[in-house]
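Engineer: Could you work out the structure for the sequence below:
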Amino acid sequence: MMNWLEKLRDEAQRPPAQPRMPLLWNGQVIGTVAQGFLDTVGVDCLLGQRIVISQKKTPGLGAVWSVTAPDASFGLNALAHRLRETGLSGPWRDEQIAVCTPQGQRVATVERGAVRVLGVATHAVHLVGLAPDGHMWVQQRSDHKPNHPGKWDTLMGGMVAATDTLAQALARETLEEAGLDVAQLLHVQHGGQVQLACPSDEVPGGVAYMRERIDWFSATVPAGLVPVNQDGEVQQFQCIDRATLMEWLVQGQFTPEASLVLAQYLQL
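Structural biologist: Below is the predicted model of the structure:
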């Protein structure tokens, strides 16, 4: 029975589909790009905005791509728009995501649709929602979602935007996806973290890579409260027992991220 989980964990930690080069701002690594990828984007068109994206060699890192611009966020978002113009960005969200160094120092923000192509590390939050009787609330993602349409998910799962603290992201996403005020929930507690580093299919051709940390929480939805989606991204909610939960996990009906979170919650 556990083969599904071993496979899932293996798939969550895989090298890129093709070699990648570090992407630097001011000498600091902020992401990675597939070798040869930026050569196809026509980044020279950004020179008029005083943005230079060039390849060079750096001691200890070898060949890298370096971004020079009046401001890091300005330069990265101009690059993101260029990726969109050439059809090489992920789904465009008009949402800014924090760009940090490996040490966690925030140096910029960039459009969410560019983070996988640029190998920018992202941060997400999930909420495992329990009913008072021990059943679990889960959501089915909209068929129109760009990633994992129609799959089952935790009660809530979403990206931490650049404007959010983790607590703010938890509250905002829970309200948007489930119509629930976190203050109404019982026993809200941090459960753990899940790490993913694997190729992403947001952009064809193996040029996108996902590096994400998920902080997950658990809480009890009081009797009488029923999740109701507010943002159009959820088809339905169901409150299922543990046997059904395990059956759906083994069958692969949940997203990979939700499966890893739920496996950790269940201590599998």
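
Engineer: gap between Val234 and Ser200?
Structural biologist: Look at Val234 and Ser200: by Cβ to Cβ, to the nearest Å, they are 22 Å apart. The C-beta positions use only the backbone N, C-alpha and C, and glycine is treated the same way.

Engineer: ok, the nearest residue to Val110 once chain neighbours are set aside - contacts?
Structural biologist: Excluding the flanking residues, the one nearest Val110 by Cβ to Cβ, 6 or more residues apart in numbering is Leu76, at 4.2 Å. Applying Cβ atoms under 8 Å, 6 or more residues apart in numbering, one finds that Leu76 lies in contact with 25, 30, 67, 69, 99, 108-110, 114, 118.

Engineer: Quick check: next helix or strand after the worst-scoring helix or strand of the chain on mean pLDDT?
Structural biologist: Among the helical and strand segments of the chain, the one scoring lowest on mean pLDDT, DSSP states H and E is strand 52-58, with a mean of 91. Proceeding C-terminally, strand 52-58 gives way to strand 62-68 as the next helix or strand, assigned by DSSP states H and E.

Engineer: residue ranges of the strands in the protein, please?
Structural biologist: Listed from the start of the chain, the chain has strands (DSSP state E) covering 20-25, 28-34, 52-58, 62-68, 96-100, 106-111, 122-130, 136-141, 152-153, 156-159, 186-200, 208-220, 234-240.

Engineer: could you redo those as CSV and give each row mean neighbour count and distance to Val43?
Structural biologist: As requested, the strands of the chain are exported to CSV (neighbours: other Cβ atoms under 10 Å; distance: least, Cβ to Cβ, whole Å):
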stretch, mean neighbour count, distance to Val43
strand 20-25, 20, 12
strand 28-34, 21, 11
strand 52-58, 13, 4
strand 62-68, 16, 9
strand 96-100, 21, 17
strand 106-111, 19, 15
strand 122-130, 23, 23
strand 136-141, 22, 34
strand 152-153, 24, 36
strand 156-159, 22, 26
strand 186-200, 15, 21
strand 208-220, 22, 17
strand 234-240, 17, 38
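
Engineer: Just tell me which of these ends up closest to Lys7.
Structural biologist: The closest approach between Lys7 and any of the strands of the chain, judged by Cβ to Cβ, belongs to strand 186-200 at 12.5 Å.

Engineer: contact partners of the closest one?
Structural biologist: For strand 186-200, using Cβ under 8 Å, 6+ apart, the contacting residues are 11-14, 16-17, 90, 116, 128, 182, 206, 208-222, 256-257, 260-261, 264-265.
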